[in-house]
Every structure is written in C-alpha cells, then in structure tokens.
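# What shape does this take:
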Amino acid sequence: MAYYLGLDTSNYTSSVALYNSQTRQVIQQKKLLPVKQGTLGLRQSDAVFAHVKQLGALVRELMAQESVRLDGVGVSVRPRDQEGSYMPCFLVGELVAESIASVCGIQISRFSHQAGHIAAALFSAGQLGLLGQRFAAFHLSGGTTECLLVQPDPQWIFSVELAAQSLDLKAGQAVDRVGRMLGLPFPAGRQLEALALQSERRFRIRPAMKGRDCSLSGIQNQCERMQKAGEPACDIALFCIESILAVVDRMTEQIRESEGNLPVIYSGGVMSNRIIRERITGKYGGFFAEPQFSSDNAAGISILAMLAQTGGAPK
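Now for the predicted structure:
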C-alpha cells in the first residue's frame, strides 16, 4: 500500500488526511479551531496556538486507523498561489510536515490551501481527470471569493489564472456576519442554511457586478435593514444565501460566455450550501464536492502530494 499524508492548518480548521494511492480512498480527521460565541474568527496568534494544541492529536487519531508506512507528505503553506499570499497559521502544518518527512525519510511537497480545495473537490466529484485539461474553478470561503481558470502545469500539476473575484466582502464573510447578526455560532454556514430552508419567501436579486467581478458588501447592509424592519430570521438567512447564489450564477454565466463551455468545479466552505448547489447544478451541470470535501480539509493536499511525488496521471 502506498500512503500519502496531507496536512492543512487554515484559519478555521486543523485537518489531516491519508490518501491510499492503490485503493484511491481518503480517510481524514479534522477539528474546527475554537472561536468564542459572538466573534468572527481568530487572531492569527490565537489560530497558531490552537493548531499547536490540536494538530498532534489529529495525526495520532488518523494514523491509529491504519497500519501504514508513509511514502510521502504534503502540506498547505499559503492561502493562494499568488505572490505575497501568506498567513502564519500555515507555519504549524509546515513544521509538522517537515518533522515527519525528516524522521520518516520521505519527500515533502508544498501547496496552497486553495490548490488543496480544488483537488479535494475534483476527487469528491470523481473528476480528477480534469487536471489534464483546462477548466474553471470557483473557490468561495471566508477568505476568498474567486473564479479561476485552471490548466495543466508540468511542474506544479496545475496553474491558476484569476478570472473573477469579489472586490470587497468575501462570500464566507457575508455568511458569518449575517449569522452573527442572527445569533448563530461561528462559522455560521450550516446553521444559516438550516434557517433559510424554513423560509417560504421568493426573492428576485440582481447581483452587483463590475465586469466579471462582483461586490458583496451590500448583502450585509440589506440584511441589517431587513432585521430592523422586523422581518423573520429565516427570510434574512435566505436572502443572504440567494444573494451569493445570484453572484455565482452571473459569474458562471460570464465565464461560459467568454471562455466557452468549460467544465466548472465549485469548492470552498460556502459551496457546501445545498440551496446554491442544487440551483447551480440544475442550470449549469457544474461539479460540486461533498460537504466533507468542500469545507476546509487536507484531502486534496494528500492527493496532490501523491501526484507531485510519483508523476502519476490523475484519474
């Protein structure tokens, strides 16, 4: 058996994963970082400390599930594949990965958190073969709202080109800010979705676009106005989600218009929302990750480590 370990220490979650390259299966362990009620995330110093406290236990739990000899290790070391992309929390995962690689005498491969999201979504959707061709990838999370054009790269497996983005608030930030306003715990995605599913309202939303790019700051403002007007929480939750849906819809439409009928993959925690997934899949037939592979995870990193270290063709 050939096993590849992946580690990801984002600003939301500590996660580790094992990819079995023979069975093509992933097992993973992950744990949200502790966030006080009523706050929106952690300071980087607190995130680093939280990862230090919980990452070791996650690795032990993961390795106890399988009797393995590691063939390689991968780790996310930056948020995105762009110059200057950096967050201190990723140093924890890199330090652990370097230690494991040194002790085990195995190769280490470094990737971006965003690349891991894309790979995990492709794996979950059964579309790893897309890594051999050009496709579009949406990544919507607390720190990112982007559409990327992805193409094969002989050195990095794939490279990305920014095609569209939010010019202000990110989709995950909108979800969490509206969630806090409604008294939901952080991160608020699952609870906001559950609340929205109770609504019977119908909204016609015109997204705020500037060319391919979007603006999401108006979502929070409108939700605050709805709350002051005494509108039900479930309607406010649905408005927030459908506003993000309207943006994703329009951005997908524009990418298809300008780039042709490219395959489209949707990743990131916001894309685990059932309302968004069902509407977009029905209209465009895009590929979505299952929720456990859409939110922050190390699965994609473990798969990328295997591909980088063996030169194996994606399947």
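# quick one: low-confidence parts of the stretch 1-150 of the chain?
Low-confidence segments of the stretch 1-150 of the chain (pLDDT under 70): 1.
# could I have stretch 264-273 exported to CSV, CA atoms only?
The C-alpha coordinates for stretch 264-273 follow below in CSV (Å, rounded to 0.1, in the frame of the first residue of the first chain):
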residue,chain,number,x,y,z
VAL,A,264,-16.7,24.1,-13.9
ILE,A,265,-15.9,22.9,-10.4
TYR,A,266,-17.1,24.6,-7.2
SER,A,267,-15.1,24.4,-3.9
GLY,A,268,-14.8,26.1,-0.6
GLY,A,269,-17.0,26.0,2.5
VAL,A,270,-19.7,28.3,1.1
MET,A,271,-20.2,25.9,-1.8
SER,A,272,-21.3,23.1,0.6
ASN,A,273,-24.6,25.0,0.8
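# Could you pull up the mean pLDDT of it?
Average pLDDT, stretch 264-273: 93.
# Quick check, central residue of this structure?
The residue lying closest to the centre of the chain (CA atoms, centre = their mean) is residue 268, at 2.5 Å.
# Surely it touches residue 141?
Yes: Residue 268 lies in contact with residue 141 (CB atoms under 8 Å); the separation is 3.9 Å. Quick note: C-beta positions are derived from backbone N, CA and C, even for glycine.
# which residues do the two both contact?
Shared contacts of residue 268 and residue 141, defined by CB atoms under 8 Å, 6 or more residues apart in numbering, are found at 117, 171, 172.
# Pick out whichever of those residues sits closest to residue 43.
Nearest to residue 43 among the shared contacts of residue 268 and residue 141: residue 172, at 17.4 Å, using CB to CB.
# quick one: the strands in the stretch 101-250 of the chain?
107-112, 135-140, 145-153, 157-165, 208-210, 213-215 (DSSP state E, counting those that start in this stretch).
# CA atoms only for the second one, dumped as CSV, please.
This file holds the C-alpha atoms of strand 135-140, laid out as CSV (Å, rounded to 0.1, in the frame of the first residue of the first chain):
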residue,chain,number,x,y,z
PHE,A,135,-11.3,24.1,-16.6
ALA,A,136,-12.8,26.8,-14.4
ALA,A,137,-12.8,26.5,-10.6
PHE,A,138,-14.8,28.6,-8.1
HIS,A,139,-13.4,28.9,-4.6
LEU,A,140,-15.8,30.6,-2.1
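# what's the offset of it from the middle of its chain?
Distance, stretch centre to chain centre, for strand 135-140: 10 Å (CA atoms, centre = their mean, to the nearest Å).
# Now do it: which elements does it pack against?
helix 113-124, strand 145-153, helix 233-259, strand 264-267 (3 or more CB pairs under 8 Å, 6 or more residues apart in numbering; DSSP states H and E).
# ok, that strand: who's next to it in the sheet?
strand 145-153 (antiparallel), strand 264-267 (parallel) (DSSP bridges).
# Tell me which stretches of the chain form helices.
Listed in chain order, the helices of the chain (DSSP state H) span 44-65, 90-104, 113-124, 171-181, 189-196, 217-228, 233-259, 274-284, 291-294, 299-310.
# okay if I get these as a markdown table plus distance to residue 16 and mean neighbour count?
Below are the helices of the chain laid out as a markdown table (distance: least, CB to CB, whole Å; neighbours: other CB atoms under 10 Å):
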| stretch | distance to residue 16 | mean neighbour count |
| --- | --- | --- |
| helix 44-65 | 5 | 16 |
| helix 90-104 | 9 | 18 |
| helix 113-124 | 12 | 28 |
| helix 171-181 | 22 | 24 |
| helix 189-196 | 22 | 20 |
| helix 217-228 | 34 | 16 |
| helix 233-259 | 30 | 21 |
| helix 274-284 | 26 | 16 |
| helix 291-294 | 14 | 20 |
| helix 299-310 | 8 | 26 |
